[in-house]
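# Have a look at this fold, sequence not included:
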């Protein structure tokens with residue numbers, strides 16, 4: 001990683017002290033590449049377009065109920081937001097169709113890519129059993145590759161996979177789970193757990209590379225302790241610093257892993273979007289980004305409206321919740337997920353952000369780089 005990337009690593013490591021003063025996108029979405037570039041998405045609820053709706057579980061997802069989806073789709077789609085998610089906007093910027101859930105019934109055009117993300121999923125297979133963990137998402141991706149080879153042949157499929165961008169947002173649930181079970185964990189235990197997550201993530205990236213993937217894009221783990229659900233639990237309105245500390249450890253390790261992979265693997269290119277600091281700044285200074293509220297959610301009940309958006313309680317019971325009149329005034333839609341307006345801003349930075357927030361390449365540069 002060259003000096004630009006080293007600067008980015010420093011931003012991650014000292015994330016609690018340093019918020020990027022200027023983190024913006026370039027002005028235009030023009031100069032798109034001439035060749036078709038697919039988008040394959042892996043991740044958790046931040047990127048899930050509705051895969052969890054099709055899981056064989058007795059408990060129906062909250063995202064299947066109003067008011068989820070109200071702003072753009074006018075109905076629930078399985079997305080944990082009032083509208084579109086970050087990958088939806090990335091697809092739009094590339095003039096690709098809206099991302100669809102891999103498990104959604106019907107015909108899929110896998111030459112455009114696919115979205116395997118699952119709410120609650122982790123890097124580790126035993127994080128939230130019943131969701132689509134990263135190992136299972138990778139298995140689904142391999143199934144797609146087989147179908148592409150049957151349709152296009154080996155050579156064309158290999159070229160398609162090498163042109164594709166592989167977009168990730170995963171890891172947060174692993175640390176949420178660890179924090180909830182081990183709130184007094186020692187520093188060495190935290191470090192050991194981060195190492196285990198990173199090793200498993202590295203193995204998945206190397207496997208994608210062996211299959212043909214060359215261009216990897218990450219939205220790193222956000223400030224976990226500052227989501228409304230965790231803020232409500234502290235009792236004093238502060239962030240749960242222990243949870244955020246593990247996110248920062250993960251992000252520093254992830255930057256080092258991707259740097260190493262770029263050194264070892266020919267033609268491997270990557271992007272990391274500094275979601276942690278970017279979202280932190282929106283939470284702490286909402287008016288700077290056109291929001292009126294950065295800490296409380298638009299939809300939910302209790303302190304910071306942190307819970308029960310959609311009113312679906314445990315065992316199918318219904319609970320009362322509040323709903324703001326203008327979701328776009330809020331950074332958070334529910335207790336752990338951002339509004340469509342915030343998602344668009346985040347996607348802009350992932351797509352064409354300047355190097356102090358998206359480095360060493362942004363996704364537009366990855367899309368434009370042809371193999």
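Perfect, I can see it now. Keep in mind it's a predicted model, so treat the numbers as computed, not measured.

# Where does residue 52 sit: helix, strand or coil?
Look at residue 52: counting by DSSP: H, G, I helix; E, B strand; the rest coil, its state is helix.

# for the stretch 251-371 of the chain, what spans make up the strands?
269-273, 293-297, 299-300, 322-323, 330-332, 358-360 (DSSP state E, counting those that start in this stretch).

# Show me what the last one is packed against.
Just to be clear, that refers to strand 358-360. The contact analysis (3 or more Cβ pairs under 8 Å, 6 or more residues apart in numbering; DSSP states H and E) places strand 358-360 against helix 3-13, strand 269-273, helix 340-352. (Glycine included, C-beta is placed from N, CA and C.)

# Please identify the buried residues of stretch 125-135?
Across stretch 125-135, burial judged by 16 or more other Cβ atoms under 10 Å covers 127, 128, 131, 132, 133, 134, 135.

# Can you convert those residues into a markdown table and add a column each for secondary structure, distance to residue 177 and pLDDT?
A markdown table is the format used below for the buried residues of stretch 125-135 (DSSP: H, G, I helix; E, B strand; the rest coil; distance: Cβ to Cβ, whole Å; pLDDT from 0 to 100):
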| residue | secondary structure | distance to residue 177 | pLDDT |
| --- | --- | --- | --- |
| 127 | coil | 5 | 97 |
| 128 | coil | 7 | 94 |
| 131 | strand | 11 | 96 |
| 132 | coil | 16 | 98 |
| 133 | coil | 12 | 98 |
| 134 | helix | 14 | 98 |
| 135 | helix | 16 | 98 |
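
# May I ask which two of the residues you listed are separated the most?
Spatially, the most separated pair among those is 128 and 135, at 13.0 Å (Cβ to Cβ).

# what residue is smack in the middle of the protein?
residue 169 (2.9 Å; Cα atoms, centre = their mean).

# residues in contact with that one?
Taking Cβ atoms under 8 Å, 6 or more residues apart in numbering, we find residue 169 in contact with 42, 43, 44, 46, 47, 86, 117, 218, 219, 275.

# Could you export those residues as a markdown table, including secondary structure, neighbour count and distance to residue 341?
Compiled in a markdown table, the contacts of residue 169 are given as follows (DSSP: H, G, I helix; E, B strand; the rest coil; neighbours: other Cβ atoms under 10 Å; distance: Cβ to Cβ, whole Å):
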| residue | secondary structure | neighbour count | distance to residue 341 |
| --- | --- | --- | --- |
| 42 | strand | 28 | 25 |
| 43 | strand | 28 | 20 |
| 44 | coil | 29 | 21 |
| 46 | coil | 25 | 15 |
| 47 | coil | 28 | 17 |
| 86 | helix | 29 | 12 |
| 117 | coil | 30 | 20 |
| 218 | strand | 27 | 23 |
| 219 | strand | 29 | 17 |
| 275 | helix | 25 | 16 |
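
# Residue 203: which of these is nearest?
Using Cβ to Cβ, these come closest to residue 203 at residue 42, 13.3 Å.

# Next one, pLDDT for that closest one please.
The per-residue pLDDT reported for residue 42 equals 98.

# So it sits against residue 116, correct?
Yes - Residue 42 is within contact range of residue 116, at 5.5 Å (criterion: Cβ atoms under 8 Å).

# which residues are common contacts for those two?
137, 141.

# picking that back up, least reliable of the helices and strands packed on strand 358-360 by average pLDDT, please.
Among the helices and strands packed on strand 358-360, helix 3-13 scores lowest, at a mean of 34.

# hey, where'd the strands end up in the stretch 1-150 of the chain?
39-43, 113-115.

# Point out where the chain drops to low pLDDT.
1-22, 25-34, 57, 313-317, 369-371 (pLDDT under 70).

# Give me the contact list for stretch 211-218.
Residues contacting stretch 211-218 (Cβ under 8 Å, 6+ apart): 40, 141-142, 145, 157-158, 161-169, 205, 208, 254, 258, 261, 267-273, 350, 363, 366-367, 369, 371.

# Return the distance of it from the chain's centre.
Between the centre of stretch 211-218 and the centre of its chain there are 16 Å (Cα atoms, centre = their mean, to the nearest Å).
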